[in-house]
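In: Quick one: sequence plus predicted model below, questions after.
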Amino acid sequence: MFQLTPMVRNLLIANVVVFIASKYLLNLNLLALYPIGSPMFWPWQFLTHMFMHADAGHIFSNMIGLIALGPLLEQRWGAKRFLTFWLICGVGAGVLYNGLRTYEVHRMGQQLETFRAEPTGVNLKDFVETNLPKELAETHESAAVKLHDNPGDTYVIQNELAQLERVYEASRDGAMVGASGALFGILIAFGMLFPNSLLMVFPLPVPIKAKYFVILYGLFEFFFGIRRVPGDNIAHFAHLGGMLVGFIVLQIWQRNRTRLY
C-alpha cells in the first residue's frame, strides 16, 4: 500500500485533473511544449507541459513512479522543498530538451531549403540521413539515386519535396507532454539518497538496489535517445535532462550545506 504524503497527493490530483480536462472537457493543446519557432510555442509551456499526458498509460506510469518514490523524498525534505525539486527538474528537462529540439528543427529547415534551392541527390541524402531513422531513410535512397543520374527530374523533385515538407512540419509542430522529466529527477535523487534501497521493477525477477537501477535506466535512455527507432515517440533526452538537472540541484544543495533530510 502506497503511503501518500501531502505534496505527492496534491501533484497526483493536479495531474489527474488536467488529464481528464484535456481529454474530455477542454482543448488544452497550448499547455503542451512546442519547439521554439513553432507557431504553437508559448513560454508558459515549459511549466504546463508537466501536467499534460498523452494517454492513460502515460499518466499511469508517471504517477506510479511519483507515488512510489516521492513520499520518502518528501518526508526527508519537506513538502516545499520536494515541490521545488519536482518543478525545477520538470522545467529544466523541458528547457534542455526543447533547446535540442529547436536546434534540430532549425537544422532540418535549413537542409530543406538547401534541397529546395538545389534539388540534388546529395542534398536529398543529407536531409534524410540527418533527420530520419535509418529504416525510413532507406526509402528515399532510390529517389536520391534517380536525382543523381537524372538531375532536374521534376516528378521526383516534387514528390520528395512534398514528403520532406511534411516531415519538417510534423517535427516543428510536434509537442512534448508529461511529468517524466520531473520524475527522472526524483529517480536520481532517490538513487543518491537511498542508494541501497531495494526496488522491485518489472520485468526484473529479483530486487535491484536503487543506485544500480538508476545507472541502468540512464544507460537505457541514452541508448534509445541516440538510436532512432521508427515509432518511438518517447522523449528520451528529456528524461536524461531531468536526471541531469536533478543531479546538479542536489550537488548545489549539498555544496551549500543545505540539509537534505
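Out: It's in.

In: gap between L250 and T114?
Out: For L250, the distance to T114 (C-beta to C-beta, to the nearest Å) stands at 44 Å. In this view, the C-beta of every residue, glycine as well, is placed from N, C-alpha and C.

In: For the lowest-mean-pLDDT helix or strand in the chain, buried residues please.
Out: In the chain, the helix or strand scored least confidently by mean pLDDT, DSSP states H and E is helix 134-137, which has a mean of 75. If you call a residue buried by 16 or more other C-beta atoms under 10 Å, then helix 134-137 has these buried ones: A137.

In: and it, what other elements does it pack with?
Out: For helix 134-137, the elements it packs on are helix 121-131, judged by 3 or more C-beta pairs under 8 Å, 6 or more residues apart in numbering; DSSP states H and E.

In: what's the helix it packs on in contact with?
Out: The contact list for helix 121-131 (C-beta atoms under 8 Å, 6 or more residues apart in numbering) reads 104, 107-108, 111-112, 114-115, 136-137, 140-141, 143-149, 151, 160, 164, 167, 171.

In: Just the buried ones among these, please.
Out: Counted by 16+ other C-beta under 10 Å, those give 108, 111-112, 114-115, 137, 140, 143-144, 146-147, 160, 164, 167, 171 as buried.

In: Out of these, flag the one nearest to I67.
Out: S171 (33.9 Å; C-beta to C-beta).

In: Tell me who's in contact with the closest one.
Out: By C-beta under 8 Å, 6+ apart, the contact list for S171 reads 35, 101, 104-105, 108, 131.

In: sorry, back to before: sort out for me which of the buried ones among the contacts of helix 121-131 are in helices.
Out: Among these, the residues falling in helices (DSSP state H) are 108, 111-112, 114-115, 137, 143-144, 146-147, 160, 164, 167, 171.

In: of the residues you listed, closest to G65?
Out: Of these, the one sitting nearest to G65 (C-beta to C-beta) turns out to be S171, at 27.9 Å.

In: Tell me who's in contact with the residue of the chain most remote from its centre.
Out: Relative to the mean C-alpha coordinate of the chain, counting by C-alpha atoms, centre = their mean, the farthest residue is N150 (41.0 Å). By C-beta under 8 Å, 6+ apart, the contact list for N150 reads V156.

In: Also E74?
Out: Contacts for E74 (C-beta under 8 Å, 6+ apart) come out as 5-8, 82.
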